[in-house]
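Trainee: Need a 3D model of the following:
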Amino acid sequence: MFNVQSDEIICNSKNGIEYLQFKKLLDFGIKHAYTLKGENINFRSGSKEEKDSYSKIYDAIGLDVTTLVKPLQNHTSIVRCIDKVIKKEELKNTDGLITDKRNIALTSTNADCILFLFYDPVKKVIANIHSGWKGTFQKIAEKAVVKMINYYNCKPEDINCFICPSIRKCHFEVDEDVKDLCEDIFLFTNKTNEFIEKGKVIDGKQKYMIDTVMINKILLKELGLVDSNIIDSNICSVCNSNKINSYRVEGKDFKLATAIISL
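Mentor: Numbers count the residues shown, from 1 in each chain. Model prediction:
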């Protein structure tokens, strides 16, 4: 069992699959999970384990797998509002989903990228957002919240955000071109010195470490989300690659985890 170092999350195991859950979401009565590594567990599209892995986790948290809705995910900033179960082929170039309907389980996958779960307990609206560094630079989490406000009349102070395990600043090493792009996009925050720092010099090239989770937290708080409503797992996928899927560690044969949320 994964040794959780946080009072905000718990680790459960059922059907031969381990998964994390946020205590606050459980208190709200929201079915959800973020899966950990396991034998024959892989949510990568087309893998031989994919179908059985979804069946196991959906059954474990009391959901019907026929309610699954998952975008194809292509590092875009596109967020779709969902009012019925549709196939992923209808969600091309989509990286975020929002719904206020029951019997729809919003699903995403990752192996280092950030997965955000959102819930507004007043308007009863959920969202599941995939944000790699490209999605972060395109502000997909911010766009999702704006859509929750504009389409579902959510108030930012009511929205809760839950941040799943992902690569963190300690391991998100980039070259100068990505660092410069980050500074160009987020210079307005006046906090680039907080989420960008110099790393090592490798083969004569200066590397930089970027905290994409902090960037998103800043954007969300600027929209009006309350700090206490932004719950971070604080788990780095690379530091914990024995239990968390990580593309940077696993390479081309990487496996994917999934995050699920349903009203």
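
Trainee: Low-confidence stretches in this structure?
Mentor: Counting by pLDDT under 70, the chain shows low-confidence ranges at 188-191.

Trainee: in it, what residue sits furthest out from the centroid?
Mentor: Within the chain, the residue lying farthest from the chain centre (CA atoms, centre = their mean) is residue 204, at 33.9 Å.

Trainee: so what's that residue up against?
Mentor: Not one residue lies near residue 204 by CB atoms under 8 Å, 6 or more residues apart in numbering. C-beta here means a position set from N, CA and C on the backbone, and glycine is covered the same way.

Trainee: Show me what the residue most central in space within the chain is bridged to.
Mentor: Taking CA atoms, centre = their mean, the centroid of the chain lies closest to residue 115, which sits 0.3 Å from it. Beta-bridge pairing of residue 115 under DSSP bridges involves residue 130.

Trainee: is it true that it touches residue 167?
Mentor: No: Residue 115 is beyond contact range of residue 167, at 11.7 Å (criterion: CB atoms under 8 Å).

Trainee: Just give the number of residues close to residue 187.
Mentor: 10 (other CB atoms under 10 Å).

Trainee: How about residue 127: what's its closest non-neighbour residue?
Mentor: Leaving aside its sequence neighbours, residue 127 sits nearest to residue 118 (CB to CB, 6 or more residues apart in numbering; 3.9 Å).

Trainee: swap that for residue 140, please
Mentor: residue 77 (4.4 Å).

Trainee: can you pull out the helices in the stretch 151-263 of the chain?
Mentor: Using DSSP state H, counting those that start in this stretch, the helices assigned to the stretch 151-263 of the chain run over residues 176-186, 192-195, 212-223, 247-250.

Trainee: Ok, which of those comes nearest residue 83?
Mentor: The closest of the helices of the stretch 151-263 of the chain to residue 83 is helix 212-223. By CB to CB, the value is 24.0 Å.

Trainee: and the angle for that closest one with helix 176-186?
Mentor: Taking axes from the mean of the first three to the mean of the last three CA atoms, to 10 degrees, helix 212-223 and helix 176-186 form an angle of 10 degrees between their directions.

Trainee: What residues sit buried inside helix 212-223?
Mentor: 212, 213, 214, 215, 216, 217, 218, 219, 220 (16 or more other CB atoms under 10 Å).

Trainee: Okay, the fourth one and residue 97: tell me how far apart.
Mentor: Note on residue 215: its distance to residue 97, by CB to CB, to the nearest Å, is 22 Å.

Trainee: cool, the third one as well?
Mentor: In this structure, residue 214 and residue 97 are 24 Å apart, going by CB to CB.

Trainee: now the fifth one
Mentor: From residue 216 over to residue 97 the distance is 17 Å, taken as CB to CB.

Trainee: Would you map the strands across the stretch 151-263 of the chain?
Mentor: Using DSSP state E, counting those that start in this stretch, the strands of the stretch 151-263 of the chain run over 160-163, 173-174, 196-202, 205-210, 230-232, 257-262.
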